[in-house]
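Q: Fold the stuff below for me.
(2 chains)
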Number of protein chains: 2
Amino acid sequence: MDVEAGTPDAWSDVTPDAARRLVIAAVEAFAERGYHATTTRDIAGRAGMSPAALYIHYKTKEELLYQISRVGHLRSVGLLEEAANGPGAPGERLAVAVRAFVSWHAERHTTARVVQYELGALAEDHYTEIVALRRKSERAVRSIIEDGVRTGEFDVPDVAGTALAILSLCIDVARWFNPDGRRTPDDVGVLYADLVGRMVGPRQPVA
Amino acid sequence: MDVEAGTPDAWSDVTPDAARRLVIAAVEAFAERGYHATTTRDIAGRAGMSPAALYIHYKTKEELLYQISRVGHLRSVGLLEEAANGPGAPGERLAVAVRAFVSWHAERHTTARVVQYELGALAEDHYTEIVALRRKSERAVRSIIEDGVRTGEFDVPDVAGTALAILSLCIDVARWFNPDGRRTPDDVGVLYADLVGRMVGPRQPVA
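A: The predicted model follows:
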């Protein structure tokens, strides 16, 4: 199994330690077998705990998925808003946003896959909350694009569609990224920042 | 459940009719609950058949996944190679490829999700065969980009990375596409063909 979910900083906000161990075990189990094929017993076993001990921290499997999804989305929104509100021209801020967002999806590809592919398994109120976070991510990217259109640095006929495409391109890194491949997370981030810069930049007429 | 998998042309190559019904039922079940949480009994039930009747056509659940994955990948390779080998300048061929590939992933988003997210559940020999088809898809896109670089129509510093990014952007449409949303599959295809054209086109220096 990928060790990514076990890296020290990934779930540092989740306390106490037993709850954190359960989240890490749940990410691994959901990524390997899917949410519906995973039982709370599987998760407790992976974390070296009893089902009763799991129950102290999480009443249901869905609560664990919600925790994973919430932490993952908060991190994404944080990265994008930091870039959107940061210094520099729109082009620089968009490059910072793409590079950080791509690196996160490459480094945390196991977590990101669970976060992206199991949304439909969230309870309705949790789903509503996560959708609101996703809207914030979209708004952050859209605001950078709008700034660039306003200053004339960007030429973007469809701002909403382009923001969606940029986020989609970055999110899909989690699907194909291979930590044993020849590109590091930051290599992909740098490549994608350039490609996205071209997407929004003024279009040169073909000679 | 999405009706997409039930559209007449999606699985027309799968015969006899009972085998086709099983494939459609399997796509729906895998998309809803994941491959590992689905049993052959679930699939037979959805298709209105007995487990024994399923067994006549498919010995295992994995054989069904393989069938779905093979048909899906053959279709993708076909679309991309047709565009790569078609008439027109590289920019036109790339636009045709992106538009067709995106439309397929939007129209067949349920199938495409199963095809893309359950690769890890394929048996080793099947996985090897599917990976070879994926390489053909990559080669088709790369060949168009290389043609454009040769003619000077494109400016692409990293051909392999750009080909990967283009395919990734298009594939991820299957994750977010909503048939009740305001964009049709072809709307997305047209938008993406423009964005991809910008990715590979000569970059205009910022004024």
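Q: Where do the helices of chain A begin and end?
A: All helices of chain A, identified by DSSP state H, fall at A:17-33, A:40-46, A:51-57, A:61-84, A:90-107, A:109-117, A:124-151, A:159-171, A:173-176, A:185-200.
Q: Out of the ones you listed, flag the one nearest residue B:202.
A: Of all the helices of chain A, the one in closest proximity to residue B:202, counting by C-beta to C-beta, is helix A:185-200 (9.4 Å). Yep, even glycine has a C-beta here, placed from its N, CA and C like the rest.
Q: Whichever residue of chain A sits closest to chain B - how many residues pack around it?
A: Closest approach between chain A and chain B, counting by C-beta to the nearest C-beta: residue A:34, at 3.0 Å. Close neighbours of residue A:34, defined as other C-beta atoms under 10 Å in any protein chain shown, add up to 23.
Q: export the helices of chain A to JSON lines and tack on mean neighbour count and distance to residue B:68?
A: Putting the helices of chain A into JSON lines (neighbours: other C-beta atoms under 10 Å in any protein chain shown; distance: least, C-beta to C-beta, whole Å) gives the following:
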{"stretch": "helix A:17-33", "mean neighbour count": "22", "distance to residue B:68": "19"}
{"stretch": "helix A:40-46", "mean neighbour count": "19", "distance to residue B:68": "26"}
{"stretch": "helix A:51-57", "mean neighbour count": "15", "distance to residue B:68": "35"}
{"stretch": "helix A:61-84", "mean neighbour count": "20", "distance to residue B:68": "26"}
{"stretch": "helix A:90-107", "mean neighbour count": "23", "distance to residue B:68": "26"}
{"stretch": "helix A:109-117", "mean neighbour count": "23", "distance to residue B:68": "17"}
{"stretch": "helix A:124-151", "mean neighbour count": "16", "distance to residue B:68": "27"}
{"stretch": "helix A:159-171", "mean neighbour count": "22", "distance to residue B:68": "23"}
{"stretch": "helix A:173-176", "mean neighbour count": "22", "distance to residue B:68": "17"}
{"stretch": "helix A:185-200", "mean neighbour count": "21", "distance to residue B:68": "29"}
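Q: CSV please, covering the ones you listed and showing mean pLDDT.
A: Compiled in CSV, the helices of chain A are given as follows (pLDDT from 0 to 100):
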stretch, mean pLDDT
helix A:17-33, 94
helix A:40-46, 96
helix A:51-57, 94
helix A:61-84, 96
helix A:90-107, 97
helix A:109-117, 95
helix A:124-151, 97
helix A:159-171, 98
helix A:173-176, 97
helix A:185-200, 98
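Q: Residue B:27 is nearest to which of those?
A: Closest among these, using C-beta to C-beta: helix A:109-117, at 15.8 Å.
Q: residues in chain A within reach of chain B, list them.
A: For chain A, the residues in contact with chain B (C-beta under 8 Å from any C-beta of the partner chain) are A:33-37, A:91, A:113, A:116-117, A:152-153, A:157-158, A:161-162, A:164-165, A:168-169, A:171-173, A:175-176, A:183, A:188, A:191-192, A:194-195, A:197-204, A:206-207.
Q: Alpha carbons of stretch A:104-120, as PDB, please.
A: Output in PDB follows, covering the C-alpha atoms of stretch A:104-120 (Å, rounded to 0.1, in the frame of the first residue of the first chain):
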ATOM      1  CA  TRP A 104      -1.100  18.400  -3.400                       C
ATOM      2  CA  HIS A 105      -3.000  16.000  -5.700                       C
ATOM      3  CA  ALA A 106       0.200  14.300  -6.700                       C
ATOM      4  CA  GLU A 107       1.700  13.900  -3.200                       C
ATOM      5  CA  ARG A 108      -1.700  13.000  -1.700                       C
ATOM      6  CA  HIS A 109      -3.000  11.000  -4.600                       C
ATOM      7  CA  THR A 110      -4.500   8.200  -2.500                       C
ATOM      8  CA  THR A 111      -6.300  10.600  -0.300                       C
ATOM      9  CA  ALA A 112      -7.400  12.700  -3.200                       C
ATOM     10  CA  ARG A 113      -8.800   9.700  -5.100                       C
ATOM     11  CA  VAL A 114     -11.000   8.900  -2.000                       C
ATOM     12  CA  VAL A 115     -12.000  12.500  -1.700                       C
ATOM     13  CA  GLN A 116     -12.900  12.800  -5.400                       C
ATOM     14  CA  TYR A 117     -14.500   9.500  -6.200                       C
ATOM     15  CA  GLU A 118     -16.500   8.700  -3.000                       C
ATOM     16  CA  LEU A 119     -18.400  12.000  -2.800                       C
ATOM     17  CA  GLY A 120     -21.700  10.200  -3.600                       C
END
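Q: And it, how far out from the chain middle?
A: Relative to its chain's centre, stretch A:104-120 lies at 6 Å (C-alpha atoms, centre = their mean, to the nearest Å).
Q: just to revisit the earlier point, including distance to residue B:47, could the helices of chain A go into JSON lines?
A: Conversion of those to JSON lines gives the following (distance: least, C-beta to C-beta, whole Å):
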{"stretch": "helix A:17-33", "distance to residue B:47": "24"}
{"stretch": "helix A:40-46", "distance to residue B:47": "29"}
{"stretch": "helix A:51-57", "distance to residue B:47": "35"}
{"stretch": "helix A:61-84", "distance to residue B:47": "29"}
{"stretch": "helix A:90-107", "distance to residue B:47": "37"}
{"stretch": "helix A:109-117", "distance to residue B:47": "25"}
{"stretch": "helix A:124-151", "distance to residue B:47": "30"}
{"stretch": "helix A:159-171", "distance to residue B:47": "33"}
{"stretch": "helix A:173-176", "distance to residue B:47": "29"}
{"stretch": "helix A:185-200", "distance to residue B:47": "41"}
